Each structure stands twice: as structure tokens, then as C-alpha cells.
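In: how would this look folded up:
(2 chains)
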Amino acid sequence: EAQVTQNPRYLITVTGKKLTVTCSQNMNHEYMSWYRQDPGLGLRQIYYSMNVEVTDKGDVPEGYKVSRKEKRNFPLILESPSPNQTSLYFCASSLQRLAVYEQYFGPGTRLTVT
Amino acid sequence: GIQVEQSPPDLILQEGANSTLRCNFSDSVNNLQWFHQNPWGQLINLFYIPSGTKQNGRLSATTVATERYSLLYISSSQTTDSGVYFCAVTNAGGTSYGKLTFGQGTILTVHP
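Out: Down below sits the predicted model:
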């Protein structure tokens, strides 16, 4: 089954404790992206990757890191989480050929930083 | 950066009614997508439609790129259509076609 998986689905952590949210897709998609969703602010792009070893900042990259060492995986790293990073996070992937086509989303990760 | 505005912000319908959701954008785009987020939070891609018209069952979408808007039509609405509808675009004049900007969404509630 074609899918995007994220882990964990729910996480409660404390300020400053490094964490990683994993994202994996089995569709051989070149493009992957991370978004955060906050009430009243909609979905905002954090980072995206056009292909292996190619990553770029979205609109809200501060406080986050990513890496794309393999095509299927695109982990999101919070080196020192803060309460303002409490949010619902989505990973997505798609084919890309001079355009980013239909995106497939993971189920979301709800992160709470206390 | 490019601005994306969706209207209306909220929409309440009786089952069976038709509706039109609008997405306006402030600059030329080379990518426009419509998504549905169901009440459980799952995001589903509805259309990739940078221009022209597409139909999928009771849903159809039209993008008039030259006039900087897109419309999503829902006919014979069902309670399962409830949720939030987002459009997202990539600025054609931007530095990367991978950077997507979302509108704030339209919250649709369909009553039985």
C-alpha cells in the first residue's frame, strides 16, 4: 500500500530535550516536505527536499533541522524544542518533474513541548 | 511572498446542497493544489490544477491562472464532505517550485 508514515504519532516532551520525528514514504517520490499546522495560522511549510541531499527552507524553518540521506526518509529534528513548537506536524511526498505534483500526506504527529 | 486568500472562511450546508469555494492568489503560480482535511485530521489531495478544469465525481475545480483564482465546486454535498478545504500554491516567480504556500482554509459543515 502506497503511504507516508510518521513516528511518533503523539509526543509530549520538555523544553530543550532533542527529538526526531521520522517520515518515510514507499512511493519512490523525489519530493518530500514538512509542515506545521496551528489554529488560526493554517499550514505552514518548514523545510522541503527536491531530492536526496537537496533541502531548502520553507516559511518557518527556525528551530528545525532536516536531512535527506535516502530517498524514502526525511526526518525532522528539533535540537532544542521550545513551547512555541507545540503543534501538529505533517510530512508529505510527491513526484516532481519541474513541478511538484499531488502531495500525499502522513497521518500527522501531535507534539507538545512543556 | 505570495498571498493566498480563501473564501468563505466558514460554510454550513444541508446535505444535497451545492457549494463553491474560492482561492485567490496575489501572483502568478505554477502549481495549485486543493486538499481536504477531514474531521480526524487526515489530509487528502483533491486536485493538482495549476490551470484549466478537472472533475472527480461530485467534485470539480477550475483555475483561471491569468485572473489569479481557483474555484472548487462540491455538488450534492454529503456529511462526509465536512472538514477543512485548503488550497496551496507555488509562486511562478519564486526561487523554487518546491515552496508551497497555503491559504487559511474554508471550514465546511454539512448537516444531514
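In: secondary structure element for the residue nearest to A:Lys65 when sequence neighbours are not counted?
Out: In space, A:Lys65 comes closest to A:Ile77 once its chain neighbours are excluded; the distance is 4.2 Å by CB to CB, 6 or more residues apart in numbering or on different chains. Just so you know, the C-beta spots here come from the backbone N, C-alpha and C atoms, and that holds for glycine as well. Element membership for A:Ile77, per DSSP states H and E: strand A:76-78.
In: quick check: mean pLDDT of the helix or strand that that strand is followed by?
Out: Next helix or strand after strand A:76-78 toward the C-terminus (DSSP H and E): strand A:87-94. Per-residue pLDDT over strand A:87-94 has a mean of 96.
In: just checking: what are the partner strands of strand A:87-94?
Out: As defined by DSSP bridges, the strand partners of strand A:87-94 come to strand A:31-38 (antiparallel), strand A:104-105 (antiparallel), strand A:109-113 (antiparallel).
In: quick one: buried residues of that strand?
Out: Within strand A:87-94, the residues scored as buried using 16 or more other CB atoms under 10 Å in any protein chain shown are A:Ser87, A:Tyr89, A:Phe90, A:Cys91, A:Ala92, A:Ser93, A:Ser94.
In: which bits of chain A sit near chain B?
Out: Within reach of chain B by CB under 8 Å from any CB of the partner chain, chain A has these residues: A:31, A:33, A:35, A:41-45, A:48-50, A:56, A:58-59, A:88, A:90, A:92, A:96, A:98-105, A:107-108.
In: what about 7 Å?
Out: A:31, A:42-43, A:45, A:48, A:50, A:56, A:58, A:90, A:99-105, A:107-108 (CB under 7 Å from any CB of the partner chain).
In: now, which of these lie within strands?
Out: A:Tyr31, A:Gly42, A:Leu43, A:Gln45, A:Tyr48, A:Met50, A:Asp56, A:Phe90, A:Tyr104, A:Phe105 (DSSP state E).
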